[in-house]
Structure formats: C-alpha cells, structure tokens
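# I would like to see how this sequence folds:
(2 chains)
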Amino acid sequence: MSLLAVEDLRVHLFTNRGVIRAVDGVSFTVAEGCSLGIVGESGCGKTMTALAMMRLIPEPPARIVGGHIRFNGEDVVTMTPERLRALRGGDIAMIYQDPMTTLNPVFTVGEQIAEAVRLHRGDGGTAAFARAVEMLTLVGIPDPDRVARAYPHQLSGGMRQRAVIGMALACDPKLLIADEPTTALDVTIQAQILDLLRRLQGELGTAIILITHDLGVIADLVDDVVVMYAGKVVERATVRGLFANPRHPYTRGLLRSVPSLETKEHRLLTIEGTVPPAHAMPPGCRFNPRCGLVRDVCRVDEPPLVDVGGGTSAACWALT
Amino acid sequence: MLGADVTVPLLSVRDLTKHFPIAGGPLGVRTAGQVRAVDGISFDVASGETLALVGESGCGKSTTGRMLLRLTEPSSGQIAFDGVNLLDLGRAGMRRLRREIQIVFQDPYASLSPRLRVEDIVAEPLDVHGLCASAAARRARVVELLRLVGLDEVHLRRYPFEFSGGQRQRIAIARALAPNPRLIVADEPVSALDVSIQAQVVNLMQDLQERLELSYVFISHDLAVVRHIAHRVAVMYLGRLVEVADTEALFNAPHHPYTQALLSAAPVPDPERRRARIVLKGDVPSPANVPGGCHFHPRCPIAQAICRETVPVLRDVVPSTDSGHKAACHFGAAFPIPV
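Just a heads-up that it's a prediction; the model follows:
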C-alpha cells in the first residue's frame, strides 16, 4: 500500500471574480521511502496541492471540494482537528522556500526544534533540547551546541535552511513535503542542501514530495515526477522516463526552453503565449491555446490522463 | 571622419571600488568598518558585445551594475564610456549621458509604477530628455518601441497590473530602449520569470542586440542563461573578479576553483547525470569581514599557505597569449580539484 494516495483532488478558490479551479482533479501516489517531484510554473497549483495534503490551504477563499488524500489509509480531507494536529509536524512535515519566515525570530533555533519534539513526542525540556542538538548535528551544522542557542538572524541562509530541515525531521515524519526548498539559496549552497536531502532520505527512509519549478533540481533528487499545468496533471512519469522521453507537448516545451549548461544553442525554443488567467481558463485542454498539436477536440473536451506506455501517463488527445 | 577604432572599447572600467561605511559607536555616527562590496575590479565591454557578470548573492555584481550608471556612487576608480570618464561628469552631464546607458531591473513588479499607463511609462525617458517634439511623435515612438518588444498599440492605455511578469519585463525593456541607448545594464532580467517566459525574454534581448547593435552588461546568477546570451563572462566573488573569459572558454575550461565549483554545482536537467559535484564547504563570508589574501581561500579545496597571505592578481591563464582568458588564482587548473 502506498504511504500517500491523492485521488481526484479538487481545490477551488471562491473569489469575487468567480470560482478558480486551482487544483482540478489531481491524482498521484507516493510509496514509503520514495520521492516524488511536482513541477510546474507559477500558478499551476503545485503549492496549493502541497498545502492541501496537510489541510493548510487558506479557508476561505479556498476549499477542498472533492477527492481524497489518503495518508496510511486515513483520509486527511475528513480528519478531525485533533488528529490533524498530530499529523502536522508529526507524521507529515513541511519545509518552505524562505527559512527566515519559517523560523520565529524571537526564539533560539534549539528552542523551536525542541518545541515540536515536546508537543509531538511528549519529551521533557532537557530531552527535547538534546534532540534539537542531535538534529542540528544530523543536518551538518558545525558547532551544533552553539547554533542551538543562536537566533535565526545570526545564521546564514544555508544554515537556516539546514536548521529548518532538522526541525522538520525531528519527530521522525514518514513524509516530508519540501516546497521550493532551495529556490532562495545560492547555487553552491543549493548543492549542499540537495546533497543533504538525498543523504537524509537514504539514512532515515523518509518519503519526500519535492515541489519546484526547477527541472534541474527535479532531475537531481526524485524518483517520480508529476508535471502540472493550470491546476491539472498533464504528465506523470519516472524521472528517467520524463527527461528521456517527455510525451505531453507542455512537458516537451518546458524541457526545450531550459537553456543548457553544456551547449550553446543559437536560439532558445519557447512555448508561445502565456498561461491563461485563472478565472478565464479555455474550455477543453487548458494548454490548447499554446499547443502546436492542437486539434478541434482539444478545444472542446478535456483530455483524460491515460497510460501512454513506458510507465508514463499523459493527458493529451494527440497521444490517444 | 575617423574610423571606429576597434581597439577602444565602448565601456572601460578600471579599479572600480565601492566601500560602504558601517555605522558604529553609541550614536551610530562613527564609522565602525567598511563593507567592501566591490573591491577594485576592471573590465571592458566592446560595442555590440554582451558581458555577463556572474556570482552569488553579495558578490557585488548588482552594485557594479548600479555604479555603471552612477546610481550608486563609486568610492574610487574609473568608468570610461566612449572615452568619457563618467566620474568627471557633473549632474547635468551625467543626466545627458544616461541617454546612452540604460538599466533593466530584476523585478518588473517593482520597477514599473502601478499608477502610470504603459504609454507614460515607456515615454518617461523621452520626456526626461526632451526627445519628442509633439504628442503625436511621442505616441508614434512609444508604439514603435512596444512593437519592437512584441507588444502593440492596444496596450498603450493599460496599467502594469494588467500584464503578466514576462510582458512587464518587455515593457521595462521598451522603456530602456526609448532614448536609443548604446549600453543596457540588465540586472537579473529573467530571474523572476518562469522558464518558458524566460526563454522568450532572452530571445527578445538577443534579437534587439542584433537589430540595434546594443551592448549588454548582463548580471545573473544563472549560468545556463549566461552561457546562452553572453559573449564574455566575468565571475565575481566577494567584490573581486576571479575569472574573465570568452563564454566558450569559461564553460569548457574553467580555470579558477570557484568557477569550477560554481559550474559543477548547477543542477542539470538530466537524471542520468546526477554528477559528482564539487560541493564547497561553508558559506560565503560577509563582505564586512573579508578574509585576507585570496578572498576564496577559506572555502577553496586547493588552498595553500600563499593563498592566505597574498592576493592573487588577475592574469592571463596561458601566459603571454591574447586569448583574454584571465584568472586570479595562484594555482587554478594546475591543481585539478579532487571530486
């Protein structure tokens, strides 16, 4: 049985300008100890999907209007507030893009990690603080005893993100959701954090959902990938399958528009046009106004996500 | 008329320095130290050329870009544009010269006034420099500029909030082009944009360069974009240039250990090649408290005693050749970094 199974998840935003279908029928699974990447551009619904998994979406205006999120067989969508409190930071932990806003500026790093340990594991103050120091050691912070007594502003960006990862893992979660964990960091620090996440996943067996817009980071870290566009999953594949043989026209366009470090192309290939505004999605396939393979059916009916062979599923009429 | 002298670069920067004072003392009026944001850098940009300034946060690349327009006042050094030292000019002279040098900023949500219509945003440099004789001429020029960047006259009366990030960056570029500049300083112009939109804007900048013979100083931390757009690359670390080379030479044979680490750290979109990276230890030190000798030595995998004491000069990688490939390292590629 998979650790997490998201089935036909729908999150809608109820705004003055109408209903926005931010997440519109998203399904995927994550097995224990595995890693899944969710990739897509701004506004594709990847962060909303991640927040929904811990029921952290802003309600109102957002609401889960359909689907199931089964974590260890239990549906998060119908969970009681008490059970949710135990889940958040206990069984599922989350790290965000900006470690400075994740950490509370008026408490030391050690106190903040220890707080989670006290609440979820019922440890006493001393034991919890010792656990905090242990976590800081685990994430490769030099001089962890001193850093545990330091305030967030005294640490560099990379050290803060390490501390946040240590905090997230302090209660032995089964699933870690990382939302753009390296986007705010410099490239040499990003390399350190990616190596750290890979090492910890190997050592602790934590499943990871990595949310990012950066295809390089995806290629580096995860086993499976979900590509989202305008609230929909357009392609689902193994990481090797996705990069070796992308099937959906959007995925192909996205991969082509990344400039390469190895070679110099004369001209970058692009995807024409822009993502349509969220409250004015076109009928049929949401990618149809930008698609080179568009046919009449694409403007009328939404393509289902179907198996297209090689372990890949894609939602495109041209592939059926 | 004198023929264009190909040996005189359009822009020539020498020993450019910016030290910001750190306020200290009980009243905060004494100078407690210096942040050495830019610490004596020299480079040239030829006409029609793109020079990329790359480096991580705090390396001084943006400060350098701002100093090229004197938006930040240099502490010392020279900036010669077409033979004129900018630092000798008064306010009026500098204002005239800014027709020739324009800037595009990273965040098009912050760089465009939300209260102005697109027409007035793009026309602002025209108004400032008195470049349009009539309202009709102004309108015609703005429409021409919008078409140049892939927008058109239906957008004239709209406000910035009605545009996506990529379109806003096009508006910012149109504004920069308005006074017919010869040099554009582009400070992370595509970093805030999604990948597919980023490619559109990069292509646009290249097309404009060809059509208008523009020179760019392209400031970026994204090495893949730099490889694509730049003719030459200058790598900065803690206020100093560590390596300058033609783009192909820099990417194919990086010399400085920092450049090697930077290239190796960039994640590549190919899962078959999860590479053995050179992962640098530690963080970039604060520019308020820079290490002695080579600024890079505390993180450098091949540092020796000399690196802690002596500042390496930027010199030809292959002595007495004219390849233009320079690096500031006592050792460099002579000591391949163990992965």
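
# what's the local residue count around the one residue in the stretch 101-250 of chain A that gets nearest to chain B?
Closest to chain B within the stretch 101-250 of chain A is A:G216: 3.1 Å, counting by C-beta to the nearest C-beta. (C-beta placed from N, C-alpha, C; glycine too.) Burial of A:G216, expressed as a neighbour count using other C-beta atoms under 10 Å in any protein chain shown, amounts to 19.

# just to be sure, A:I208 is in a strand?
Yes: according to DSSP: H, G, I helix; E, B strand; the rest coil, A:I208 belongs to a strand.

# I figured it hits A:E32, correct?
No: at 11.3 Å, A:I208 does not count as touching A:E32 under the criterion of C-beta atoms under 8 Å.

# so how far is B:L250 from the residue of the stretch 101-250 of chain A closest to chain B?
Distance of A:G216 to B:L250, given as C-beta to C-beta, to the nearest Å: 19 Å.

# hmm, back to that, which one's more surrounded, A:I208 and A:E32?
Between A:I208 and A:E32, counting by other C-beta under 10 Å, A:I208 is the more crowded of the two (22 against 14).

# residues contacting the spatially most central residue of chain A?
Among the residues of chain A, the one closest to the centroid is A:I211, at 2.6 Å (C-alpha atoms, centre = their mean). By C-beta atoms under 8 Å, 6 or more residues apart in numbering or on different chains, the residues touching A:I211 are A:G37, A:I38, A:V39, A:K46, A:T47, A:T49, A:A50, A:I177, A:A178, A:D179, A:E180.

# skip the chain neighbours and tell me the closest residue to residue 103.
Chain wasn't specified; assuming chain A. A:P152 (4.0 Å; C-beta to C-beta, 6 or more residues apart in numbering or on different chains).

# that was the other one, I meant chain B.
B:V185 (4.5 Å).

# stretch B:197-215 near chain A anywhere?
Yes: contact of stretch B:197-215 with chain A (C-beta under 8 Å from any C-beta of the partner chain) involves B:I197, B:Q198, B:A199, B:Q200, B:V202, B:N203, B:Q206.

# only C-alpha atoms, please: export that stretch in CSV.
Extracted in CSV, the C-alpha atoms of stretch B:197-215 (Å, rounded to 0.1, in the frame of the first residue of the first chain):
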residue,chain,number,x,y,z
ILE,B,197,8.7,33.0,-20.4
GLN,B,198,12.4,33.4,-19.5
ALA,B,199,13.3,31.9,-22.9
GLN,B,200,11.0,34.4,-24.7
VAL,B,201,12.7,37.4,-23.0
VAL,B,202,16.2,36.1,-23.6
ASN,B,203,15.4,35.6,-27.3
LEU,B,204,14.0,39.1,-27.4
MET,B,205,17.1,40.6,-25.9
GLN,B,206,19.3,38.8,-28.4
ASP,B,207,17.1,40.0,-31.3
LEU,B,208,17.3,43.6,-30.1
GLN,B,209,21.0,43.4,-29.8
GLU,B,210,21.4,42.3,-33.4
ARG,B,211,19.0,44.9,-34.7
LEU,B,212,20.1,47.9,-32.6
GLU,B,213,23.8,46.9,-32.1
LEU,B,214,23.4,47.2,-28.3
SER,B,215,25.9,46.2,-25.7
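
# surely A:I20 is in contact with A:A280?
No: judged on C-beta under 8 Å, A:I20 makes no contact with A:A280 at a distance of 9.8 Å.

# which of these two has more neighbours?
Taking other C-beta under 10 Å, A:I20 and A:A280 do not tie; A:I20 has more neighbours (23 against 9).

# which other helices and strands contact the helix or strand hosting the more buried one?
A:I20 belongs to strand A:18-30 when assigned by DSSP states H and E. In this structure, strand A:18-30 packs against strand A:4-15, helix A:46-53, strand A:62-71, strand A:224-229, strand A:232-238, with contacts taken as 3 or more C-beta pairs under 8 Å, 6 or more residues apart in numbering or on different chains; DSSP states H and E.

# okay, buried residues for the next helix or strand after the last one please.
Proceeding N to C from strand A:232-238, the next assigned helix or strand is helix A:239-244, under DSSP H and E. By neighbour count with 16 or more other C-beta atoms under 10 Å in any protein chain shown, helix A:239-244 contains the buried residues A:V239, A:R240, A:G241, A:L242, A:F243.

# and the contacts of helix A:239-244?
Residues from elsewhere that reach helix A:239-244, judged by C-beta under 8 Å, 6+ apart: A:37, A:215, A:218-219, A:222-225, A:227, A:235, A:251, A:255, A:310-312, B:269-272.
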